[in-house]
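Participant: Curious how this folds, go ahead:
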Amino acid sequence: GDLEAVREIQTMTLSPVEALAARRTRDGVPDTVTRSIALAMLASVNVLGNTGSVIDETGRRLFKERDGRDSATYHELRGEPTVRIVKDDANYFNLMGPHRSHRHYFHFLIDYLPRLHYFLERFERGREPIVALVNEDLSPLQEAMFGSLAARHSNLRFERIPHTERWAVPRLYQIDDYQYAPEISGHVQRTFMSPAVLQFLRQSVFSAYGFNPGDQAA
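Facilitator: Below you'll find the model as predicted:
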């Protein structure tokens with residue numbers, strides 16, 4: 001498919017306490033973090049409801065992220081039968097998480113949800129009507145946050161893929177957010193976030209639960 005990418009560089013600043021803690025970690029904290037945020041536009045692919053993986057059935061290919069494993073595991077492919085469902089024409093966005101961790105609080109907020117922010121805020125395609133594909137068995141937190149996000153973004157709606165189905169979609173958008181630093185081997189963990197992503201997460205959580213920090217000050 002087609003690929004569109006943007007890049008951003010963030011200078012890391014640490015308080016004295018944070019700097020002391022960073023020295024105890026294996027790699028420390030880099031001076032800068034570079035993010036390559038790629039939007040993949042895939043045609044005629046299938047999304048698996050039991051893992052969230054994207055496959056090309058015709059070419060027998062499994063799509064993986066740049067910091068993904070070299071070989072597939074049960075996180076990507078499971079020995080379970082699924083029913084192929086052909087979906088109507090629309091702009092679909094993959095917000096699925098692996099079957100074992102999509103409800104995990106940390107992975108949801110750190111690994112998955114920021115990709116929706118990048119899609120909506122950094123790419124023109126994110127302004128079009130979007131159907132975000134999510135897992136069938138959402139947690140209460142995810143239910144609340146997806147509801148508030150749909151209310152805030154009129155072009156966005158969410159659809160759940162049943163565990164026993166795989167959806168054949170005509171057009172799928174997927175974010176691959178890879179970040180790195182010259183002094184660290186391999187990719188940099190996504191816990192290093194930009195201020196814009198942190199604000200997006202903060203607003204999403206507060207909106208989901210109707211919390212206004214200003215009310216506390218009053």
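
Participant: quick one: low-confidence parts of the protein?
Facilitator: The model of the chain has pLDDT under 70 over residues 214-218.

Participant: what about 50?
Facilitator: 218 (pLDDT under 50).

Participant: where along it do the helices fall?
Facilitator: Ranges of helices within the chain are 16-22, 105-107, 113-122, 140-152, 195-208, 213-217, based on DSSP state H.

Participant: need those in TSV with distance to Met41 and mean neighbour count, can you?
Facilitator: Where you see a C-beta, it was placed from the backbone N, CA and C, and this is true even at glycine. Formatted as TSV, these follow (distance: least, Cβ to Cβ, whole Å; neighbours: other Cβ atoms under 10 Å):
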stretch	distance to Met41	mean neighbour count
helix 16-22	38	11
helix 105-107	25	12
helix 113-122	11	20
helix 140-152	22	16
helix 195-208	22	15
helix 213-217	38	7
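
Participant: Out of those, which is closest to Arg66?
Facilitator: helix 113-122 (13.3 Å; Cβ to Cβ).

Participant: packing partners for that closest one?
Facilitator: Under the contact definition 3 or more Cβ pairs under 8 Å, 6 or more residues apart in numbering; DSSP states H and E, helix 113-122 sits against strand 32-48, strand 130-135, strand 165-180, helix 195-208.

Participant: still on that earlier bit, quick check: which of the helices of the chain is nearest to Val6?
Facilitator: Nearest to Val6, of these and by Cβ to Cβ, is helix 113-122 at 5.4 Å.

Participant: thinking again about what came up before, relative to Asn91, which of the helices of the chain is closest?
Facilitator: Among the helices of the chain, helix 113-122 sits nearest to Asn91 (Cβ to Cβ), with 10.2 Å.

Participant: List the contacts of that closest one.
Facilitator: Residues outside helix 113-122 that contact it (Cβ atoms under 8 Å, 6 or more residues apart in numbering) are 6, 37, 39, 93, 95, 125-127, 130, 132, 145, 149, 153, 156, 173, 175, 177, 190, 193, 196-197, 200-201, 204.
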